[in-house]
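In: Based on what follows, work out the 3D shape:
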Amino acid sequence: MVSLLRRGFSLTSKKSHAFAVGRVFVIGFWLMRTIAVGVSVQADMVPDVEVSKSGGGLRFFPSNDVFRPLLADPKERQFFMSLLSFKTPTQSFTAWSVGFGESLGLVRWDGESFQAQLGFLAGVFSQFNWSTPSKDLINTDFTFGLAATHRWHKFTGRLQYYHQSSHLGDELLLNNPIPRLNYSYEAIEEVFALENPLFRIFVGGEYMTSRDPSDLKPWNIHSGAELRGGDSPAFFRPVAGLDVMWKQQYSTEYNFSVKAGLEIGKPAMRDRHIRLLAEFYDGYSPYGQFFNEKIRYWGAGVYVGF
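Out: Model prediction:
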């Protein structure tokens, strides 16, 4: 386990990774289109947020959000559990990754073609090494903050200001001589998206306003794409997402996250769903103080939307 946390990854070039991930994503797109052909997509045209009030107005504590959560972002605040196979140059091990998080809408303004919402967000992300006798807790990240989301026709966006702090597991510290790093930061991020019932593309930027350790580079660029198939009578649809993160901390590398599978739920209640997803990640670790360590994992997870 220590070698995973303390050594880099000797993998193929980033260009090969980008080409392979892009090829898989294109193949997935055509598979989804094939599945969707001949299946009614009328239900999929139902907006992913509540229909605006006639004439506009304020709504307190809305039941969902104007901006849909990003599907393939490994740090998106949602409820999930994933069984993953990690690989490093020196060893492989199995781990459970679990997350608990949500965005709570406080107030929303509904206009005829524009919606804006202010909410509170929070999340917890933990990883457990299932290959050790005591199922060691590796790391836990805590995040919380405020988010302002907005929608205008097919354009959506999310502006958030949040805090993250990270904490190593007790078993990991007891069994391994790992120096503890006080890793925490506050950041402001804006993501813009263009979407229709079958796809969404997005791009955004993030700046760390406060960071510890102080030598962390402040700028990150976030982009990606998502695909959704049509609805079937059984209320399931294929989904897939690609998430690409560039960080100034290692400016010549990119982090790739791919998730694809099935979403099960009523079309008119898109935020109430279960997703069964295959997962792949290649890049620098998104987990706490191990941000400078390269990892690669694949596996499957269950994601629940409320």
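In: From here on, just use CA atoms for contacts and neighbour counts.
Out: OK.
In: all helices for the stretch 51-200 of the chain, in order.
Out: 170-175 (DSSP state H, counting those that start in this stretch).
In: how far away is Phe236 from His150?
Out: According to Cα to Cα, to the nearest Å, Phe236 stands 27 Å off from His150.
In: Name all residues that make contact with Ile221.
Out: Each residue near Ile221 by Cα atoms under 8 Å, 6 or more residues apart in numbering is listed here: Val203, Gly204, Gly205, Glu206, Met245, Trp246, Lys247.
In: Try it again at 7 Å.
Out: Gly204, Gly205, Glu206, Met245, Trp246, Lys247 (Cα atoms under 7 Å, 6 or more residues apart in numbering).
In: Gly224 too?
Out: Counted by Cα under 7 Å, 6+ apart, Gly224 has contacts Ile201, Phe202, Val203, Leu242, Asp243, Val244.
In: If we ignore the residues flanking it in sequence, what's nearest Glu195?
Out: Lys154 (5.4 Å; Cα to Cα, 6 or more residues apart in numbering).
In: correct me, but the one you found touches Asn196?
Out: Yes - here Lys154 reaches Asn196: they are 6.4 Å apart, a contact under Cα atoms under 7 Å.
In: Of these two, which one has the most company?
Out: More crowded of Lys154 and Asn196, by other Cα atoms under 10 Å: Asn196, with 15 against 12.
In: What's the per-residue pLDDT of the more buried one here?
Out: On the pLDDT scale, Asn196 is placed at 84.
In: contacting residues for it?
Out: By Cα under 7 Å, 6+ apart, the residues touching Asn196 are Lys154.
In: tell me the contacts of Leu198?
Out: By Cα under 7 Å, 6+ apart, the contact set of Leu198 is Leu227, Arg228, Gly229.
In: Run a quick neighbour tally on Pro213.
Out: Using other Cα under 10 Å, Pro213 has 13 neighbouring residues.
In: rewinding a little: dump the contacts of Ile221 into TSV; add pLDDT as well.
Out: Below are the contacts of Ile221 laid out as TSV (pLDDT from 0 to 100):
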residue	pLDDT
Gly204	96
Gly205	96
Glu206	97
Met245	96
Trp246	95
Lys247	92
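In: Between the residues you listed, which sits nearest Pro179?
Out: Distances from Pro179 to those, taken as Cα to Cα, are shortest for Lys247 (23.7 Å).
In: how close does the closest one get to Leu276?
Out: Taking Cα to Cα, one finds Lys247 at 29 Å from Leu276.
In: Out of the contacts of Ile221, which is nearest to Gly301?
Out: Met245 (20.9 Å).
In: State the next helix or strand along the chain beyond the helix or strand in which the closest one is found.
Out: Assigned by DSSP states H and E, Met245 belongs to strand 236-247. Per DSSP H and E, the first helix or strand lying C-terminal to strand 236-247 is strand 255-264.
In: Point out the other helices and strands that the strand holding Met245 packs with.
Out: Judged by 3 or more Cα pairs under 7 Å, 6 or more residues apart in numbering; DSSP states H and E, strand 236-247 is in contact with strand 219-228, strand 255-264.
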